[in-house]
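Trainee: Sequence and predicted structure below; questions after.
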Amino acid sequence: MELRLFVIEPQSLRRRLVCSSAENSDGLSVVGEAASLHDTQVMESESPDIFLIDAALLAADQDGMATISKRHPQSFFVLFGDHPDLDALLSCVQLPLRGFLSFNHLTGAELARSLQVIAYGGAVIEPISARLLLEYLQGRVLPLATSHTPLGGLTEREEQVLERVRRGPQQQRDSYEPQHQHGHGALSPEDHLP
């Protein structure tokens, strides 16, 4: 069985790489490609078996994904990205998402094998995203979108460090006021201790 694939990726070079990888794989054929979720080719295409979509597009436009899902109810969705994206996975719970693949592993053989698993009712999630998803389900990690929620069980010093990391280096420099000055404005070693 040959799987019909529609690739949605905003960067033309990356889109070409994914399409050529799929076209050079046994059992896959690319029936369309687009740069955005709202491209008319997406809506007018005959329903492919699988939409392979850059995860960055989902973060910017969840409504576009929902629209495609309604127009192509028989198709499955597979996201791919440069890095694990727990937020993208969690935001797709209402969509027929069947996989999250690493862009770096979209070689012909691996892509074909992953999409065959999906076509036969399975799901494929790249290993780091799968670990993050399991940790989230176990209550041990928060998605980035909700990571501003205070963590329980931190010491006061740990909360201060976390707040500084959250603010970023520029804000830290802007708001830096040394508490103790010794000599020419240098901090003492005690200032660095908890």
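Mentor: Cool, got the structure. Numbers count the residues shown, from 1 in each chain.
Trainee: On the C-terminal side of the helix or strand encompassing Asp63, identify the next helix or strand.
Mentor: Assigned by DSSP states H and E, Asp63 falls within helix 62-71. Per DSSP H and E, helix 62-71 leads on to strand 76-81 as the next helix or strand towards the C-terminus.
Trainee: Can you tell me which helices and strands the helix or strand just after that following strand packs against?
Mentor: Next helix or strand after strand 76-81 toward the C-terminus (DSSP H and E): helix 86-91. The contact analysis (3 or more Cβ pairs under 8 Å, 6 or more residues apart in numbering; DSSP states H and E) places helix 86-91 against helix 55-60, strand 76-81, strand 97-102, helix 127-137. C-beta here means a position set from N, CA and C on the backbone, and glycine is covered the same way.
Trainee: Show me what counts as buried in helix 86-91.
Mentor: Leu86, Asp87, Ala88, Leu89, Ser91 (16 or more other Cβ atoms under 10 Å).
Trainee: What is the burial count for the nearest residue to the last one once chain neighbours are set aside?
Mentor: The one in question is Ser91. For Ser91, ignoring the flanking residues on the chain, the nearest one in space by Cβ to Cβ, 6 or more residues apart in numbering is Gln62 at 5.9 Å. For Gln62, the neighbour count with other Cβ atoms under 10 Å is 16.
Trainee: Repeat that for Glu126.
Mentor: Count around Glu126 with other Cβ under 10 Å applied: 21.
Trainee: Over to Thr40?
Mentor: Thr40: 8 neighbours (other Cβ under 10 Å).
Trainee: who's in contact with Val42?
Mentor: Val42 sits next to Phe6, Ile8, Gly32, Ala34, Ile68, Arg71 when contact means Cβ atoms under 8 Å, 6 or more residues apart in numbering.
Trainee: Which of those has the largest number of neighbours?
Mentor: Ile8 (27 neighbours).
Trainee: contacting residues for that residue?
Mentor: Glu33, Ala34, Ala35, Ser36, Leu37, Asp39, Val42, Phe51, Leu52, Ile53, Asp54, Leu57.
Trainee: nearest residue to the most centrally placed residue in the chain other than its sequence neighbours?
Mentor: The chain has Asp85 as the residue nearest its centroid, 3.0 Å off, counting by Cα atoms, centre = their mean. Spatially, and ignoring its direct neighbours in sequence, Asp85 is nearest to Ala55 (4.9 Å; Cβ to Cβ, 6+ apart).
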